[in-house]
Structure formats: structure tokens, C-alpha cells
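1. Any chance you could fold what I've pasted below:
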Amino acid sequence: MDDLTSLEKESYWGPSSSQAEVMREQARQPSICGEPVIWVERLGPDLIEYRFENLPHDDSIRIVYEILPKALELYLKKTKDYGGLSGGLGPKAPFVDMWRKIIKLKRCLWDGEKLKFEQTDEIIMDLIGTCLNILAEMKAEGDHAVRESSPS
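-> Alright, predicted model coming up:
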């Protein structure tokens with residue numbers, strides 16, 4: 001038996017730790033009410049795959065396809081430099097940085113001020129990243145206000 005043949009055996013991989021079986025089962029069933037669904041599967045230690053279904057309109061498709069990947073990529077690059085969420089300071093810590101960015105965003109969007117370095121889109125994407133960090137900190141502290149995904 002060659003090395004590749006062993007990869008085909010279930011015993012090599014052990015019990016499934018992904019949503020693959022659930023996804024296959026639900027793919028055979030008709031969609032309920034056409035509600036948006038996001039499938040997340042962890043394929044490896046640092047590899048995660050997302051699949052979006054039943055996106056409600058063209059704007060949501062554009063956001064998921066064009067904007068979300070850029071925002072997540074910027075978030076991941078910036079968190080790589082920081083090495084974590086808030087350095088153990090909790091979910092309130094990022095609020096100061098968020099407030100500074102909101103003031104800056106207000107000046108450029110509302111007041112029409114030209115920015116010299118960081119531009120409007122990067123500020124907004126940073127706010128998205130900061131909000132993700134706050135949610136992760138809340139969840140890490142056991143805050144039950146963080147809503148879990150509903151089973152689909």
C-alpha cells in the first residue's frame with residue numbers, strides 16, 4: 001500500500017472535526033425560506049474556509065465578494081503586528097482607539113477634511129477589526145451578550 005492510499009482511510013484522519021457531514025446532509029435538503037447561511041469549516045490549524053448561501057441582493061453579494069475580503073485581510077495583517085487582541089486589557093480597551101478613529105472619520109466624511117495619511121476606507125476597515133476584537137474579548141470573558149450563530 002502506498003502512502004497516498006492511507007490518506008483515503010477514515011482511520012488516518014480520525015473523527016471529523018469539520019462541518020462537512022452536516023453541509024453534505026443539508027445540501028440534499030431544500031433551503032428553508034431562503035435565509036442567508038454562512039458555512040465555516042476549519043480545514044487546518046491556520047486554514048478556514050467560508051461559504052455564503054442565499055445572499056439577499058446584489059449589494060450583499062458585492063460586500064461579501066469585494067469588501068469583506070479586503071477588510072479581513074487588513075485586519076489579519078494588522079493583528080499579526082500586535083500579536084493578539086487587547087493585550088489582556090479586556091473589551092473596553094479598544095474603545096479609546098475606536099473613538100479616535102470615529103472622530104477622524106467624522107472629519108473626513110462629514111466635514112470634508114482631506115486626510116494626509118490614513119484614508120477613509122482604511123479607517124472604516126480598522127473600525128471593523130476593532131469591533132471584531134471587542135466581540136472576541138467579550139466572548140473570551142464569557143459575556144453572554146455575544147450572540148451565537150443560530151443553527152441552520
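2. Now Ile48: closest residue in space that isn't a chain neighbour?
-> Arg42 (5.4 Å; CB to CB, 6 or more residues apart in numbering). Placement of C-beta: from N, CA and C, glycine included.
3. Count the neighbours of the one you found for me.
-> 12 (other CB atoms under 10 Å).
4. The helix or strand encompassing it: which residues count as buried?
-> If you go by DSSP states H and E, Arg42 is part of strand 37-44. In terms of neighbour count (16 or more other CB atoms under 10 Å), strand 37-44 has its buried residues at 37, 39.
5. elements contacting that strand?
-> Applying 3 or more CB pairs under 8 Å, 6 or more residues apart in numbering; DSSP states H and E, one finds that strand 37-44 makes contact with helix 20-27, strand 47-53.
6. Neighbouring strands - and their directions - for the last one?
-> Sheet pairing here is set by DSSP bridges, and for strand 47-53 it gives strand 37-44 (antiparallel).
7. Can I get the strand it pairs with in PDB? Just the C-alpha atoms.
-> Output in PDB follows, covering the C-alpha atoms of strand 37-44 (Å, rounded to 0.1, in the frame of the first residue of the first chain):
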ATOM      1  CA  VAL A  37     -26.400  30.900   5.600                       C
ATOM      2  CA  ILE A  38     -22.700  31.100   6.300                       C
ATOM      3  CA  TRP A  39     -20.800  27.800   6.400                       C
ATOM      4  CA  VAL A  40     -17.500  27.800   8.200                       C
ATOM      5  CA  GLU A  41     -15.100  24.900   8.100                       C
ATOM      6  CA  ARG A  42     -11.700  24.600   9.700                       C
ATOM      7  CA  LEU A  43      -9.500  22.800   7.200                       C
ATOM      8  CA  GLY A  44      -6.200  23.000   9.100                       C
END
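8. one step back: just flag whichever of the helices and strands packed on strand 37-44 has the lowest average confidence.
-> Within the helices and strands packed on strand 37-44, the stretch with the lowest mean pLDDT is helix 20-27, showing a mean of 65.
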